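> sequence first, predicted model second:
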Amino acid sequence: PMWMSALELALWNFGAQGFCTAGLLYSSAARASFLTQTSVVLAPLISALAGEKIKSQVWGGCGIALGGLYLISTAAVTGDVVDSSASVIDSAVSNQGDILVLLGALSWSTYIVRTSKLANSYKELDLQFTKSAMLAVMYGGWFITTAMSALSNAGTSFFQAGWIEALTPLWSGWNSALVWVLLIYSAVGPGVVADVLQQKGQQETSASESNIILTLESVFAAVCAFVLLGEVSSMQEIFGGMLIVVAAILASK
């Protein structure tokens with residue numbers, strides 16, 4: 001039944017976002033960005049283990065895309081000075097974050113592989129609506145758990161004074177109209193519309209090719225940053241973006 005497929009996709013999606021979010025508490029954004037994009041290699045590996053034959057140009061595209069993503073994700077930290085006095089504990093915490101982010105990349109890769117398998121079995125709107133509803137329940141449970149923990153740490157509860165003050169830090173800016181506009185946009189655009197289009201596209205495209213094409217996200221982000229924010233990319237970032245474009249073209253042939 002469709003609800004079981006939607007539940008499976010929701011779990012993989014929840015794992016991808018949840019692990020990456022938790023990993024960012026311990027790893028730098030640049031490291032997390034690159035580790036997350038290892039999904040470009042993980043997806044074809046999962047597909048190959050499942051018995052799918054991966055074309056040689058797809059493997060080549062994976063390698064080229066990974067190189068481009070490395071250049072983009074490390075451009076912002078080029079020249080950073082490493083603190084030689086960092087403790088063993090700091091290193092262990094960083095490794096913990098890396099593991100969480102890699103688990104998120106593995107979950108995302110599995111989500112893409114399973115979407116390719118299920119895409120032709122259900123209508124896009126039906127499956128994605130059901131998946132999104134289940135994700136809402138999962139995130140609601142996460143929020144309630146976090147809220148209860150915050151109340152406990154503050155020594156109060158929903159039935160005692162001070163509970164609003166204890167929960168306010170969990171959602172800074174909740175009373176801002178701009179925040180709500182951005183939340184609604186992210187839910188409708190990158191959320192619902194993107195998921196529907198992705199499932200529609202994966203009806204005709206393998207998981208490995210889809211994942212390489214999806215790495216163009218970093219290129220689109222650079223273009224949007226230039227147009228909307230006036231940010232200028234470095235030569236390293238531009239070269240990395242060119243490699244990703246080449247990889248997407250190669251994998252799509």
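Good, I have the coordinates.

> pull the number of nearby residues for the nearest residue to residue 191 once chain neighbours are set aside.
Nearest non-adjacent residue to residue 191, counting by Cβ to Cβ, 6 or more residues apart in numbering: residue 132, 7.1 Å away. For the C-beta atoms, the positions are set from N, CA and C on the backbone; glycine is no exception. Applying other Cβ atoms under 10 Å, we find 18 residues neighbouring residue 132.

> which other helices and strands contact the helix or strand harbouring residue 132?
If you go by DSSP states H and E, residue 132 is part of helix 124-154. The contact analysis (3 or more Cβ pairs under 8 Å, 6 or more residues apart in numbering; DSSP states H and E) places helix 124-154 against helix 2-23, helix 163-167, helix 194-201.

> show me where this structure has its helices.
All helices of the chain, identified by DSSP state H, fall at 2-23, 29-36, 39-49, 56-75, 88-118, 124-154, 163-167, 177-186, 194-201, 207-214, 217-229, 235-252.

> any idea which of the ones you listed has the lowest pLDDT on average?
Looking at the helices of the chain, the lowest mean pLDDT belongs to helix 29-36 (a mean of 73).

> list the buried residues in that helix.
Buried residues in helix 29-36, counting neighbours by 16 or more other Cβ atoms under 10 Å, are found at 30-36.

> quick one, phi/psi of residue 232?
phi -110, psi 130 (degrees, to the nearest 10).

> now do the contacts for it.
Each residue near residue 232 by Cβ atoms under 8 Å, 6 or more residues apart in numbering is listed here: residue 226.

> pLDDT score assigned to it?
Reported pLDDT for residue 232: 79.

> so it versus residue 223, what's the distance?
12 Å (Cβ to Cβ, to the nearest Å).

> cool, residue 68 as well?
Residue 68 sits 15 Å away from residue 223, going by Cβ to Cβ.

> residue 49 now?
As judged by Cβ to Cβ, residue 49 and residue 223 stand 35 Å apart.

> ditto for residue 158
Going from residue 158 to residue 223 by Cβ to Cβ gives 46 Å.

> could you do residue 189 as well?
16 Å.

> wait, what's in contact with the nearest residue to residue 12 once chain neighbours are set aside?
Among residues not flanking residue 12 along the chain, residue 111 sits closest, at 3.8 Å (Cβ to Cβ, 6+ apart). For residue 111, the contacting residues are 9, 12-13, 16, by Cβ under 8 Å, 6+ apart.

> same question, residue 124
By Cβ under 8 Å, 6+ apart, the neighbours of residue 124 are 196, 199-200.

> possible to save the residues you listed as TSV with distance to residue 243?
Below are the contacts of residue 124 laid out as TSV (distance: Cβ to Cβ, whole Å):
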residue	distance to residue 243
196	29
199	27
200	27
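
> can you turn the buried part of these into a PyMOL selection?
What follows is the PyMOL syntax selecting those of the contacts of residue 124 that are buried according to 16+ other Cβ under 10 Å:
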select buried, resi 196+199
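
> out of the contacts of residue 124, flag the one nearest to residue 45.
Of all the contacts of residue 124, residue 45 sits closest to residue 199, with 22.0 Å by Cβ to Cβ.
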